[in-house]
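>>> Fold the following and give me the result.
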Amino acid sequence: MPCPSDLAAAPSAQPAAPETAVLAFACAPTWIEADAAPATGRTALPRFALVAYTGGPMRLGGWRHPVIVDLTGLRLPSQHRPIRLGHDAALGVGHTDRIAVEDGRLIASGVVSRDTAAAREVVASSRNGFPWQASIGAAVEEHEFVREGQTVHVNGALHSGPVNVVRRSTLGEISFVDLGADGNTSALVAIARSTPPSASAPADPSAPSAAPAAGDARVTTPAAPVSATELTTASAPLSTPAVVAAATATAPTAPVLPTVAELRAAAVAETERIAAVRRCCDGHAAIEAQAIRDGWTAHRAELEVLRADRPQAPAIHVHDRAPTPAVLEAACLLSGGLPGAERVCEAPALDAAQRRFRGGISLQELLLEAAWANGYTGRFFRDNRSVLRAAFGVDVRASGGLSPIDLGGILSNVANKFLLAGFLSVERTWRAISAVRPVTDFKKVTSYRLIGGNRYQTVPPGGTIQHGNLGELAYENQADTHALLLSIDRRDLINDDLGAISQVPTDLGRSAALTVNEKFWATFLANAAFFTPERGNHLTGVASALGIDGLTAAEVAFAEQTDPKKNPLGIQPAVLLVPPALAALARALFTSTELRQTIAGQVFPTANPHQGRFRVESSAYLSSPGVAGSSRSAWYLLANPADLPVIETVFLYGNESPTIDSTEADFSTLGIQMRGVHDFGIALQEHRGGVKADGPAAAPSPSP
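Below you'll find the model as predicted:
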């Protein structure tokens, strides 16, 4: 940025304000009016002006994607905010007396009012030409995440995702920093000095008899606050002992032309300056060009190179307030090790949870966070009864206006995700052979199959269409409630065992899945009157063994079944259901194109006629000794359950997985209770939908 003396030499060349990372600072000793009046005898304070934030995206530590602070949602508690060095409360510098949002930027001005080593460092470094930048410290209250492919308009500009937009925040402090990610910020300290005496200036009785020594910050004239523009232009080249317009020196009546020797000396000095700048800017062409063009010293050029080579740090220092319920849920899922947590949590919640709870949230931390948000004033978990009462009982008045947290809802959401993981970890073969449909209550429901005597009839000219009959083949089913209550007791709370939050619902999920399996297979295997030779859907003896011949016989038996009017069903078998002992042979029949065996003197074809025809399903419950009717040799050929199911499962409101509720335990139990509920019903349906084969000798299951 050119200094005022350069602009005075070429008044027609007004440079545009730079849009890149250019820092405003005083180029030389500058005299400006200060705050203190001469009559007070107090030392005047140096002033500063800041462009604290330019409104653009920034890369901040702990945030996965860039961050934009919406300046329309930035609350300013007052015009007087602390000024620090590097966001360190122990390194005070001064305070502001004016903060404003102008043209999509946050600007501030004030005085260096602290008597600290940090304040003296800022002033001394500014006098030496150090290019300070500014950074704000704000408390984030609300933010939104803009996904990739979406756009958002903020601070007067359009930005593309992925990006985080801080919609509401409160300004805490502003800091001088040596480097920030928002390179467009600037910080200027104008060192206040008394106007130097001039031989041609009239005597001022209120002025001191002599000018202060170089570097003296004392002044004797009052001044108003200085704007950022005024401070930016209040500068002069380091080589020119000039004063700004506030000085009272009288301009010479006639220009003094330099001598040839002076011109030669100036040319030599400029050549040496350019050579020194080039040595400092090796490999930084843009900095070198600007340094030569704007008359920088080699020292300043070296500082710019060092700044460009350093890794970027955050241009805004943010502090999260009380975590939201979504953040607490994400922290619990991460701490519990839920597989695929990123698929069930929003990215901003995961980011915030990883930042705030880097080592993972503990059970006591979770309870305390909820209790604090709901008005609890204690800081420790010793009074665990009070913590539990506050965590589960929301008192908005006691919460001081903060958003209360529903801990029961958080625990239920977290528990349901672990419950589902546990539920899905158990064998689900029942889902592949059963029809599944929702019901709306616990009453008996009747379903009808469109097989039997219903056929399209020819409609004569002018005739009417005949009605079909749905009451011929009706099937009943009914949902029942199945539930289990588990508790996280006082020992888990005292031991700070977060695993209880993940393990208890996981166990509830597994228990629910095992309950469904046990009731389903008990119903399916109680089929002595369902599969019978009289119905033509039951094969026995040696010919019922699983193999090419046995599978062929079962397919023929399936095809020969008829509807109540002795017509073919018109449905093909689709599923081969076997116990684990027959699973390998069943898969071979499904995948192999040839099956061979060695029998001397016997000629037989080698092609497999059943290759790829029937989907193989296997369940350990078919041969489990704990289930009545199980067998290691019996197998089934079934229709697609969507076409003609042999068994049906109904779920209340279509909820196939159980749900879980969490609450504080009752008076007799100190802890947290979790209740898993699963509403379902199972019933056999259409016997024509399958064929059962006992296998050779109907070998019984092994004893336990």
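>>> CA only for contacts and neighbour counts going forward, please
OK.
>>> what pairs with Gly676 across the strands?
Assessed by DSSP bridges, Gly676 has beta-bridge partners Leu484, Ile660.
>>> pretty sure it is touching Pro658, no?
Yes - counting by Cα atoms under 8 Å, Gly676 does reach Pro658; the two are 6.5 Å apart.
>>> Need the overlap of contacts for the two.
Gly509 (Cα atoms under 8 Å, 6 or more residues apart in numbering).
>>> hang on, Ser113 packs against Gly94?
Yes - the pair Ser113 and Gly94 passes the contact test of Cα under 8 Å, sitting 4.3 Å apart.
>>> for the helix or strand where Ala553 lies, packing partners?
Per DSSP states H and E, Ala553 falls inside helix 548-559. Here helix 548-559 touches strand 635-639, strand 690-693, going by 3 or more Cα pairs under 8 Å, 6 or more residues apart in numbering; DSSP states H and E.
>>> The helix or strand that comes right after it - what's its average pLDDT?
Following helix 548-559 in sequence order, the next helix or strand is strand 573-578 (DSSP H and E). Averaging pLDDT along strand 573-578 yields 94.
>>> Quick check: closest non-adjacent residue to Tyr519.
Not Tyr; residue 519 is Lys. Using Cα to Cα, 6 or more residues apart in numbering and skipping the chain neighbours, the partner closest in space to Lys519 is Ile682 (7.5 Å).
>>> Could you give the number of residues near the one you found?
When neighbours are counted by other Cα atoms under 10 Å, Ile682 registers 25.
>>> Within the helices and strands, which one has Ala108?
Going by DSSP H and E, Ala108 is part of strand 105-111.
>>> Direction included, what does that strand pair up with?
strand 47-53 (antiparallel), strand 88-102 (antiparallel).
>>> wait, which of these is closest to Lys692?
Of all those, strand 47-53 sits nearest to Lys692, with 76.6 Å by Cα to Cα.
>>> Does anything pack onto the helix or strand that the closest one is followed by? Which helices or strands?
Using DSSP H and E, the helix or strand that follows strand 47-53 in sequence is strand 67-69. Counting contacts by 3+ Cα pairs under 8 Å, 6+ apart, strand 67-69 is packed against strand 163-177.
>>> Mind checking the pLDDT average for the strand it packs on?
pLDDT averaged over strand 163-177 gives 90.
>>> what residues does that strand touch?
Residues outside strand 163-177 that contact it (Cα under 8 Å, 6+ apart) are 52, 57, 65-70, 73-77, 81-87, 122, 132-148, 187, 348.
>>> List the buried residues of the helix holding Ala553.
Neighbour-count burial for helix 548-559, counted by 16 or more other Cα atoms under 10 Å, picks out 550-551, 553-555, 557-559.
>>> Go ahead and name everything in contact with stretch 302-310.
Contact partners of stretch 302-310, identified using Cα under 8 Å, 6+ apart, comprise 130-131, 178-179, 277, 280-281, 284, 287.
>>> Please identify the one among these that lies nearest to Ser619.
Leu179 (64.7 Å).
>>> Number of residues surrounding that closest one?
Residues within reach of Leu179, counting by other Cα under 10 Å, total 22.
>>> how much space is there between it and Thr151?
The gap separating Leu179 from Thr151 is 29 Å, by Cα to Cα, to the nearest Å.
>>> before we move on, the earlier item: so Ser113 and Gly94 - more neighbours on which side?
Applying other Cα under 10 Å to Ser113 and Gly94 shows that Gly94 carries more neighbours, namely 26 against 18.
>>> sorry, back to before: quick check: neighbours shared by Ser113 and Gly94?
By Cα under 8 Å, 6+ apart, the residues touching both Ser113 and Gly94 are Ala119.
>>> got a list of what Arg300 touches?
So Arg300 contacts 129-130 (Cα under 8 Å, 6+ apart).
>>> So which of the contacts of stretch 302-310 sit within helices?
Applying DSSP state H to those, the entries found in helices are 277, 280, 287.
>>> Now for the second one, how many residues are close by?
Read that as Cys280. By other Cα under 10 Å, the residues close to Cys280 number 21.
>>> which residue sits closest to it, ignoring its sequence neighbours?
Glu302 (5.5 Å).
>>> Make sure that neighbour is indeed in a helix.
Yes - counting by DSSP: H, G, I helix; E, B strand; the rest coil, Glu302 is part of a helix.
>>> hmm, back to that, can you say which of the strands paired with strand 105-111 is nearest to Pro438?
strand 47-53 (56.4 Å).
>>> would you put the C-alpha positions of that closest one in PDB?
Provided in PDB are the C-alpha atoms of strand 47-53 (Å, rounded to 0.1, in the frame of the first residue of the first chain):
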ATOM      1  CA  ARG A  47      -5.100   4.100  19.000                       C
ATOM      2  CA  PHE A  48      -5.800   1.300  16.700                       C
ATOM      3  CA  ALA A  49      -8.200   0.400  13.900                       C
ATOM      4  CA  LEU A  50      -9.100  -3.100  12.800                       C
ATOM      5  CA  VAL A  51     -10.800  -4.800   9.900                       C
ATOM      6  CA  ALA A  52     -11.500  -7.800  12.100                       C
ATOM      7  CA  TYR A  53     -13.400 -10.100   9.600                       C
END
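>>> Distance from the chain centre to that strand, please.
33 Å (Cα atoms, centre = their mean, to the nearest Å).
>>> any idea of the mean pLDDT for stretch 488-499?
Taken as a whole, stretch 488-499 carries a mean pLDDT of 68.
>>> With stretch 681-698 instead?
Averaged over stretch 681-698, pLDDT sits at 88.
>>> tell me the phi and psi of Ala265?
The phi/psi pair for Ala265 (degrees, to the nearest 10) reads phi -60, psi -40.
>>> Which per-residue confidence value corresponds to it?
With respect to pLDDT, Ala265 scores 84.
>>> That one and Thr271, how far apart?
Note on Ala265: its distance to Thr271, by Cα to Cα, is 10 Å.
>>> Ok, Leu350 next?
57 Å.
>>> what's Val646 in contact with, if anything?
434, 638-639, 684-690.
>>> Asp294: which of the ones in helices among the contacts of stretch 302-310 is nearest?
Closest to Asp294, out of all of the ones in helices among the contacts of stretch 302-310 and judged by Cα to Cα, is Ile287, at 10.4 Å.
>>> and the gap between the closest one and Leu303?
Distance from Ile287 to Leu303, by Cα to Cα: 10 Å.
>>> who has more neighbours, the two?
Using other Cα under 10 Å as the criterion, Ile287 and Leu303 rank with Ile287 on top: 20 against 15.
>>> Give me the buried subset of the contacts of strand 163-177.
By 16+ other Cα under 10 Å, the contacts of strand 163-177 give 52, 57, 65-70, 74, 81-87, 122, 132-141, 143, 145-146, 187, 348 as buried.
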